[in-house]
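Peer 1: structure, please.
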Amino acid sequence: MSRRQKSSDSGGAMPATGAGLIRFFEEDTPGIKVGPYAVMIFAAALIILVLAGPWLFKLFAPG
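Peer 2: Here you go, the predicted structure:
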């Protein structure tokens, strides 16, 4: 079995809580707030539009 080293033996102790990370993600930054589902739907719609583009161009092109 391997031995576990104490945090003082490994070169420095980590903080007991993740308060720094929580504070970082709670900061309000300026800009548009977009959820992950909206991004996925927008990306899927863009892919479909690009793939259907040549067909749509032929369908709606004048002449």
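Peer 1: so for the helix or strand hosting Ala43, mean pLDDT?
Peer 2: Element membership for Ala43, per DSSP states H and E: helix 36-60. Average pLDDT, helix 36-60: 93.
Peer 1: show me the contact partners of it.
Peer 2: Under the contact criterion C-beta atoms under 8 Å, 6 or more residues apart in numbering, helix 36-60 has no outside partners. Just so you know, the C-beta spots here come from the backbone N, C-alpha and C atoms, and that holds for glycine as well.
Peer 1: what helix or strand is Ile32 located in?
Peer 2: Using DSSP H and E, no helix or strand contains Ile32.
Peer 1: could you check how many residues crowd around it?
Peer 2: For Ile32, the neighbour count with other C-beta atoms under 10 Å is 4.
Peer 1: where's it relative to Val39, distance?
Peer 2: 11 Å (C-beta to C-beta, to the nearest Å).
Peer 1: give me the common contacts of those two.
Peer 2: Joint contacts of Ile32 and Val39 (C-beta under 8 Å, 6+ apart) do not exist.
Peer 1: what score does Glu26 have for pLDDT?
Peer 2: Reading off the model, Glu26 has pLDDT 58.
Peer 1: and what of Ala16?
Peer 2: 60.
Peer 1: and the one 4 residues further on, by the same measure?
Peer 2: Gly20 carries a pLDDT value of 57.
Peer 1: if we can go back for a sec, now the helix holding Ala43: buried residues?
Peer 2: Within helix 36-60, no residue qualifies as buried by neighbour count (16 or more other C-beta atoms under 10 Å).
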